[in-house]
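In: The following comprises the amino acid sequence and a computationally predicted model.
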Amino acid sequence: MIQRPRGTRDFGPAEMSRRRKVEEAMREICHRFGFGEVVTPTFEQSELFTLRSGQSIIDEMYVFKDKGDREMALRPEITASVIRFFVSEMSNQPKPLKLYYVGNCFRYENPQSGRYREFFQLGAELIGSENPETDAEVISLAVHCIRASGLQDFHVRVGHIGVMKSLVLREVQDPVVAGKVLRMVDKEDFDAMGDMFDANSLSRNLFDRITTLADTRGGTEILDSVDDAEAQQYLKELFEILKLQGVEDVELDLGIVRGLDYYTGMVFEIDAPKLGAEKQILGGGSYTLSELFGGEAVFSTGFAIGIDRVMLALEAEQEQPEYTPLDAYVVPTEDAMRKYAFAITSKIRSKGLRADVDLMRRSMSKNLKYAASAGARFAVIVGKEEMAKRSVTLRDMKSGEQTLVPADFVADELEKLLSKG
RNA sequence: GGGAGCGUGGCGCAGCUGGUUAGCGCACCAGGUUGUGGUCCUGGGGGUCGCGGGUUCGAGUCCCGUCGCUCCUCCCA
């Protein structure tokens, strides 16, 4: 038996139906916000990703040499591809550019709950603008996407890495040491940071200010305690606009610090508290990546949603909706009626309804049983008596109620009954 | 990279200290039922007990190894 590769999943029809609904709802929100879809390759030259995230990620990617001896990687994320696409082919488009994507990504990691080697992301990038309203627009889009999925319990945190960066760069003279400090803050490794402070004879006072800042979170009222005047003003405007867009309940969290250099200011995360260990369902922020890929410096703000985790969070908080893949299942009462059954089925399908018909030459009794277990909302009984009157019987599989309808109007009648629920 | 738990028909499981033809529930297929499912009855198909080795007269059961799954830690683009 061939096994499924580690960390990958098969999705059956019922699960795909739920996933597609969530994905569709999010896409719809993206379109409403004026974002257009892009699709980029599933694999890229691996350099694209090491440029963005550093050499160390090579161990966590699926890398391979193609037949022309080029080093390729299955994409571990999609932002890098979108920015590559922008730099090489869309940089002369009118700004701002609003792009979104949905796709599978691959990371060679140890699988666990909410973490897979193949996973799915929906993300958006707003390219060419840098100001509070731009960031607010992107956060608002992100929050609306999550809301559209149906998830109730989620938590939005917004931070600004400029506050921490300016504090560290201002107080630590050696830029190499400053970089180390920032990375340690990112990893919340304050023990190691303390040791390094001692080794470089940096003041205990600065250490305390950094840890305090990393711990600063709360409502907009804590904005007043931000001692970086520029960031303070920026965040004030950002939160104001968010509120006007109906996005409240956003926590300010100055502890969100990304170690990577291209993050410029605002950073944000959303988690679903019900998920436990892997509870982050979305991450984003503003950055400048384009010059890394050989373009001019262009500011962008973007985010990516972990669709798999959103699905897990939805499962954790709500009953799964019943899967009814068929509006009608057509049942001939006897062999002589089978050909009519196909004609009726075709008639129903052509009206856009989901219909199926017996292909196993089963008895009527078994067919009704099958119709129920296959999740058909109605059975359409095609029998001799009805056909004599050019009619068929519709049977509501929930109530058992039956109605005789003219064969020519099956689909219309079904539509009417379906709309009643 | 470190740790924990688990591998027996499609799914969920039982199988006591080793003992003869490996079971149960659900699901699937058929018949009872040549015009009525979500009741019932009967029958049927489907398992090299994850894999390899060892101990033994005999291994699903004990020992060693190995692979896989799940979760935690770690890491996070």
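Out: Received the coordinates, thanks.

In: When you work out contacts or count neighbours from here on, use the C-alpha atoms and nothing else.
Out: Fine.

In: OK, contacts around the closest residue to RNA strand B within the stretch 151-300 of chain A?
Out: Nearest to RNA strand B in the stretch 151-300 of chain A, going by C-alpha to the nearest atom of the strand, is A:Ala277, at a distance of 4.4 Å. Listed by C-alpha atoms under 8 Å, 6 or more residues apart in numbering, the contact set of A:Ala277 reads A:Ser113.

In: Helix, strand or coil: sort out it for me.
Out: Three-state assignment for A:Ala277 (DSSP: H, G, I helix; E, B strand; the rest coil): helix.

In: Please apply the same query to A:Leu292.
Out: helix.

In: picking that back up, for the residue of the stretch 151-300 of chain A closest to RNA strand B, give its distance to A:Gly255.
Out: Taking C-alpha to C-alpha, to the nearest Å as the measure, A:Ala277 falls 19 Å from A:Gly255.

In: The lowest-mean-pLDDT helix or strand in chain A near RNA strand B at all?
Out: Lowest by mean pLDDT, DSSP states H and E among the helices and strands of chain A is helix A:175-187, with a mean of 82. Yes. Applying C-alpha under 7 Å from any atom of the strand, one finds helix A:175-187 touching RNA strand B at A:Lys187.

In: so how far is that helix from its chain's centroid?
Out: Relative to its parent chain, helix A:175-187 has a centroid offset of 31 Å by C-alpha atoms, centre = their mean, to the nearest Å.

In: Tell me which helix or strand comes right after it.
Out: Next helix or strand after helix A:175-187 toward the C-terminus (DSSP states H and E): helix A:190-199.

In: Next, the residues that contact the helix or strand just after that next one from outside, please.
Out: Sequence order places helix A:204-214 as the next helix or strand after helix A:190-199, per DSSP H and E. With C-alpha under 8 Å, 6+ apart as the test, helix A:204-214 has contacts from A:Met164, A:Leu167, A:Val168, A:Glu171, A:Val185, A:Phe190, A:Gly194, A:Phe197, A:Leu254, A:Gly255, A:Ile256.

In: same check, this time on stretch A:10-19
Out: Under the contact criterion C-alpha under 8 Å, 6+ apart, stretch A:10-19 has outside partners A:Met311, A:Tyr323.

In: Give me the average confidence score over that stretch.
Out: For stretch A:10-19, the mean pLDDT works out to 88.

In: Could you do stretch A:55-74 as well?
Out: Rounded mean pLDDT across stretch A:55-74 is 93.

In: Show me which residues of it are buried.
Out: Across stretch A:55-74, burial judged by 16 or more other C-alpha atoms under 10 Å covers A:Ile58, A:Met61, A:Tyr62, A:Val63, A:Met72, A:Ala73, A:Leu74.

In: closest to RNA strand B among the residues you listed?
Out: Among the buried residues of stretch A:55-74, and counting by C-alpha to the nearest atom of the strand, the member closest to RNA strand B is A:Met61, at 5.5 Å.

In: and the closest one, backbone torsions?
Out: In terms of degrees, to the nearest 10, the main-chain angles of A:Met61 are phi -120, psi 160.

In: before we move on, what about the one 10 residues further on?
Out: A:Glu71 has phi and psi values of phi -90, psi 120 when expressed as degrees, to the nearest 10.

In: just checking, it touches A:Phe64?
Out: Yes. When contacts are counted by C-alpha atoms under 8 Å, A:Glu71 is listed as touching A:Phe64 (5.8 Å).

In: The closest residue to A:Asp356 other than its chain neighbours: neighbouring residues, count only.
Out: Nearest residue to A:Asp356 in three dimensions, chain neighbours excluded: A:Tyr329, at 4.9 Å (C-alpha to C-alpha, 6 or more residues apart in numbering). Applying other C-alpha atoms under 10 Å, we find 29 residues neighbouring A:Tyr329.
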